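>>> quick one: sequence plus predicted model below, questions after.
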Amino acid sequence: MTKIVCVIVTFNRKALLAEAIESVLTQPEAPEYVFVIDNASTDGTEAFIQQQFDFDDQHLVYVRCQQNLGGSAGFATGIRLALQTDCDWISISDDDAIFQTGYFAAMRRAIVTQPQQGVFSGSVLLPNGHHDAMHREMITNSQTLTVKPIAEGDYAQDFKYDIFSFVGILMSRGIVERIGLPEQDYFIRFDDFEYALRARKYGQFLNVHDALVLHKTTYTRTAIAPWKEYYVMRNRLASLFKHRGQTRVTCWYARRFLARKLFAILLFRDRLGQAGPLIKAYVQGYRDGWHDRLGRNQDYLP
């Protein structure tokens, strides 16, 4: 029997986390194990979740980290623990990913019908019913690793693609053992992008259109936080240089990426109001990404 471990990483979103866990446990053909990785939440997450679910069950495991080392380290911790079980596949998601009924049954069918495939995903929906396009992308420039989202119309059927996010991803144990763990020092942002680049070396990923996951995100492209944007800038450049080196083309792209981010401050009222912190975050992220200075930056924390 194919065994699946579900890894869920959380930080200070106990109500959403409870909904996410419930959406996994009540699935037909649910995963055999569920690991919840708590990145040192301060909102009473552990006590709240321990009251809601039976963590004495050996197949439901709660792990609280001593400090918040970011989603990247949380995913690395969860995947490391998953590999200590007898699992065949590992499901990866945040605490705002709500699996819709039949998700894992659809994944199990896909595993049987597509035995050569090493990575599957489901279709990510927003609360408004539209697909969240930023989670499934195609590489359009192999030198700069530029991407574009999958078109809305393509979600009517299964499709293959190049870059995933950590929302509703199912990876075979064999692929994970080949590529290792996510980059723990990314903290947040682009850890999934970089991980996808490593996994992509073993073939494209298959999105199963009738496996649905609701993404209850509050993120918008206009309302952004300077501390998060620091990691966007730093980790995008670090991942580019790691996989393509510091060539004339990639260095040109890095400068262009910084220029575009700075110019975007003028386009949105929310950004213009915090122009100073954003400029500082982008410039520092650019410098740190260029020189591969990674890790948890004390000046840029939630």
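It's in. Quick caveat: nothing in here was measured; it's all calculated off a predicted structure. Residues are numbered from 1 along each chain as shown.

>>> tell me where the longest helix sits in this protein.
helix 226-244 (DSSP state H).

>>> what's the first helix or strand after it?
Remark: after helix 226-244, the chain's next helix or strand is helix 248-264, criterion DSSP states H and E.

>>> how about T217, nearest residue that isn't a chain neighbour?
Using C-beta to C-beta, 6 or more residues apart in numbering and skipping the chain neighbours, the partner closest in space to T217 is D96 (5.6 Å). Yep, even glycine has a C-beta here, placed from its N, CA and C like the rest.

>>> wait, the one you found sits on K216?
Yes - counting by C-beta atoms under 8 Å, K216 is a contact partner of D96 at 4.5 Å.

>>> overlap in contacts, the two.
Taking C-beta atoms under 8 Å, 6 or more residues apart in numbering as the criterion, D96 and K216 both touch L16.

>>> who has more neighbours, those two?
Ranked by neighbour count (other C-beta atoms under 10 Å), D96 and K216 place D96 first, with 20 against 16.

>>> show the pLDDT at M134.
pLDDT for M134: 88.

>>> contacting residues for the residue nearest to T217?
Contact analysis of D96 by C-beta under 8 Å, 6+ apart lists R13, L16, A20, H215, K216, T217.

>>> ranking by neighbours, what's the top pick from these?
Highest neighbour count within the contacts of D96, by other C-beta under 10 Å: A20, with 26 neighbours.

>>> so, low pLDDT: which residues of the chain?
Across the chain, the ranges flagged by pLDDT under 70 are 218-223.

>>> for the most far-flung residue of it relative to its centre, give its distance to T144.
No residue in the chain sits farther from the centre than R248, which is 29.5 Å out by C-alpha atoms, centre = their mean. According to C-beta to C-beta, to the nearest Å, R248 and T144 sit 11 Å apart.

>>> likewise for Q284?
Separation of Q284 from T144 (C-beta to C-beta): 22 Å.

>>> secondary structure class for the nearest residue to A105 once chain neighbours are set aside?
Spatially, and ignoring its direct neighbours in sequence, A105 is nearest to E29 (4.3 Å; C-beta to C-beta, 6+ apart). Of the three states, E29 takes coil according to DSSP: H, G, I helix; E, B strand; the rest coil.

>>> correct me if wrong: E29 contacts R108.
Yes - using C-beta under 8 Å, E29 is in contact with R108, at 5.5 Å.

>>> more neighbours: these two, which one.
R108 (20 against 14).

>>> which residues touch the more buried one?
T2, I4, E29.

>>> cutoff 6 Å now
E29 (C-beta atoms under 6 Å, 6 or more residues apart in numbering).

>>> rewinding a little: would you confirm that the residue nearest to A105 contacts A106?
No - the pair E29 / A106 is not scored as a contact, 9.1 Å apart, by C-beta atoms under 6 Å.

>>> what number of residues lie near A15?
Based on other C-beta under 10 Å, the number of other residues close to A15 is 11.

>>> list the helices and strands the helix or strand where it lies packs on?
If you go by DSSP H and E, A15 is part of helix 14-25. Packing partners of helix 14-25 (3 or more C-beta pairs under 6 Å, 6 or more residues apart in numbering; DSSP states H and E): strand 4-10, helix 45-52, strand 97-99.

>>> before we move on, what SS does P115 have?
Three-state call for P115 (three-state DSSP): coil.

>>> burial of it, as a residue count?
If we define neighbours as other C-beta under 10 Å, then P115 has 7 of them.
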